[in-house]
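> A predicted structure for the sequence below; I have some questions about it.
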Amino acid sequence: MKYKTIKIRKVGGGTRLQKVQVMASGKYKFVKNSKKTKSYSKPKKTRKVKTMARKRRYYRKKSKVKGMFTGVGRYVGPVVYGALRGRMSDFINNTKIAQSIPNSAYTDEALMFGSLVIASKLGVGRSGILRSIISHGKTIELSRIGQTIGEQGFSLGAPKNNSLF
């Protein structure tokens, strides 16, 4: 069977193209839907989410500390603490609170460590040099407590001689 496309006049003017089938007698038979329908794939299922996606946050890369605490400057904190420790210890031991605590082998180190912890909690050590002095001071006091335990043993009363615990 032969197919042909012909022009047909519209009522309001103009023409349109129409596909027709040519019959054996020569007459035309209009053909509808001659094109095969396209097969469509099923649409993707969209995920149903009850919560919205969170916005991704970007953080700046932390820069390395420049200035006084690189190289030799990092040793300034322990040196300054060592230089000021004797004066601070005398000042703390002359307070009423320190005099009310019973004297033992650890009293001085414990009071110094406690004063450093209080200073760091109050925010005294926010700047670089003070933070370094306080953090190294804590380490020094803890090591002195450890040294006293190693030499005299662990006791809360008067110091003992060469006995552990």
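Yep, it's here.
> ok, now how distant is the nearest residue to residue 22 once chain neighbours are set aside from residue 8?
Excluding its sequence neighbours, the residue lying closest to residue 22 (C-beta to C-beta, 6 or more residues apart in numbering) is residue 2, at 4.5 Å. Using the backbone N, CA and C atoms, a C-beta is placed for each residue, glycine as well. Going from residue 2 to residue 8 by C-beta to C-beta, to the nearest Å gives 18 Å.
> got it, and residue 146?
Distance, residue 146 to residue 8, using C-beta to C-beta: 107 Å.
> what packs against the helix or strand where residue 99 lies?
Assigned by DSSP states H and E, residue 99 belongs to helix 96-100. The contact analysis (3 or more C-beta pairs under 8 Å, 6 or more residues apart in numbering; DSSP states H and E) places helix 96-100 against no helix or strand.
> return the distance of the next helix or strand after that helix from the chain's centre.
Sequence order places helix 107-121 as the next helix or strand after helix 96-100, per DSSP H and E. Relative to the centre of its chain, helix 107-121 is centred 31 Å away, using C-alpha atoms, centre = their mean, to the nearest Å.
> list the buried residues in the helix or strand following helix 107-121.
The helix or strand immediately downstream of helix 107-121 is helix 128-152, counting by DSSP H and E. By neighbour count on 16 or more other C-beta atoms under 10 Å, the buried set for helix 128-152 is 130, 132-138, 140-141, 144-145, 148, 152.
> need the worst-confidence member of these.
Lowest pLDDT among the buried residues of helix 128-152: residue 152, with 78.
> right, and that one touches residue 105 too?
Yes: the pair residue 152 / residue 105 is scored as a contact, 5.3 Å apart, by C-beta atoms under 8 Å.
> much appreciated, bye for now.
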